[in-house]
Structure formats: structure tokens, C-alpha cells
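Colleague: Provided below for reference: sequence and predicted model.
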Amino acid sequence: MPDDYFSAMRQSIIEGAPDTASGLAKEALASGVPPIDAINNGFIPGMHDVGQQFARGQMFLPDMMASAEAMRAAMAVLDPELKKLGTERPRAGIVVLGTTKGDIHEIGEILVGTMLTAHGFQVHDLGVDVAGEKFAAKARELKADIVGVSALLTTIMRNQKSVVEALEKEALRPQVKVMVGSAPVTRRWADEIGADGYAKDAMSAVTLAHELMQQKL
């Protein structure tokens, strides 16, 4: 497939155009392009560019949400084909993600999940209002490498600590790294509750997740 075709895939993500992204993914499969090539050479570079632009303040939250939707549309076409072929993307690690108990805000953790998936992590999103025990149970079930906990409300931030405590109670803490984030969260808060790291945005979360995986080696 010509490079300009992969460029079109990349651009569909940057522009946040799910119909275009889905259509290009279908065209790629019809043309005999391996789905892993479409993902790695077309769509992931687009999501990476989006993350970089967002970090530089050149994109805003609605733009990034649209790009995430376009990425999901492309993956909805390509993932089933990967499974049929028995092909797997190299996995960077297993992440259990969610918003802490009492908090129903999901935009941030959806973006983090999309960016982590685009960068090779296997992400299991538990959604919103998730108790510490549920994080721990899913981490045990999946043999997770990382648990990521979001909390947008200052009054609910303390529940991030309950996730760390639940992992400790289940004797999972030595094997599972914990990263926290969202608007009111700080590095100091992460240190205070015993988390392994803090990320201020979705792209920072990707960088942190890779750093935490290196620590596990």
C-alpha cells in the first residue's frame, strides 16, 4: 500500500473523522493489507500526533475526543481481523483502568485508555464509580501490570488511596504498579497515597506507563 494511503489513515485520526477512518480500514483489508500494518503504519502514528499536539496545546479536549472516536472506529474494523489471523500486536503491558468510587466522570480515563491502547497496552476499562476491591479483583484476574485510577473531584481523591490499600490487602502491590491522574491530582498526592506515579494528561500517562513497565523488568 502506498505511503499516501497510510498518510490518509493518519490524517483521519488527526481530523477526528470516524467514518473516514473506518472506511480506510475496510479498504485496507479489501486490498489485502495486513491489519497490523494498517494499525502500526497508519492509525497509531495519527494517534501519536494527536497526543503530541494536545500536550503542546495545539489541540483541545473536544478534538482529542473526536480523534479517540476515530481510532475506536478503525480498531473496530481491524481488531476482529487480527483475531481471525491469529495475529497479535506486541503487548506493552496489561492495564486495569477506571474512575474511583464516587466519581462518574469518564472523559479523562477514556482518553487515557485510548492512548494506552494505541501504544500497545492491553487495557481493561472498568468504567466509573469503581471500588478499590473491584480494581484489585480485576488486577488479580488478569495478572495486570498496572492499575490506573482517575478522580476528577477533589472530594473523591481520597478514594484513590483505597485502591492502593485494596491491592495491598490482596498482596498484589509488589507486582502491580499504580498510577493516578486527573485535574486535581498532583505528584505530591501520588507520593502521599503510595502510588507509583502521576500523569497530568493522556500522553503523559503513556510515557509513565512505559516507565513503570521498565521498572518491572
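Modeller: Perfect, I can see it now. Residues are numbered from 1 along each chain as shown.
Colleague: and the lengthiest helix in the chain, how far from the chain's centre?
Modeller: For the chain, the helix reaching the highest residue count under DSSP state H is reported as helix 61-85. Remark: helix 61-85 is offset 12 Å from the chain centroid, using CA atoms, centre = their mean, to the nearest Å.
Colleague: One more: stretch 95-113?
Modeller: Distance, centroid of stretch 95-113 to centroid of chain: 10 Å (CA atoms, centre = their mean).
Colleague: follow-up on the earlier one: list the buried residues for the longest helix of the chain?
Modeller: For helix 61-85, burial by neighbour count (16 or more other CB atoms under 10 Å) applies to 63-64, 66-75, 77-79, 81-82. In short, each C-beta sits where N, CA and C put it, glycine included.
Colleague: number of nearby residues for Thr186?
Modeller: 12 (other CB atoms under 10 Å).
Colleague: Hmm, Ala199 and it touching each other?
Modeller: No - here Thr186 does not reach Ala199: they are 11.1 Å apart, not a contact under CB atoms under 8 Å.
Colleague: which residues are common contacts for these two?
Modeller: The overlap between the contact sets of Thr186 and Ala199 (CB atoms under 8 Å, 6 or more residues apart in numbering) is empty.
Colleague: Could you check the angle the lowest-mean-pLDDT helix or strand in the chain makes with helix 61-85?
Modeller: When the helices and strands of the chain are scored by mean pLDDT, DSSP states H and E, helix 107-118 comes last with a mean of 86. Using axes from the mean of the first three to the mean of the last three CA atoms, to 10 degrees, the inter-axis angle of helix 107-118 relative to helix 61-85 is 40 degrees.
Colleague: mind checking how far helix 107-118 is from the chain centre?
Modeller: Its chain's C-alpha centre lies 3 Å from the corresponding centre of helix 107-118 when counted by CA atoms, centre = their mean.
Colleague: cool, stretch 192-212 as well?
Modeller: Worked out by CA atoms, centre = their mean, stretch 192-212 lies 12 Å from the chain centre.
Colleague: And the contacts of it?
Modeller: With CB under 8 Å, 6+ apart, stretch 192-212 has contacts from 51-52, 54-55, 64, 92-93, 95, 108, 111-112, 114-116, 119, 121, 145-146, 148-149, 160-161, 164, 177-181, 185-187, 189-190, 215.
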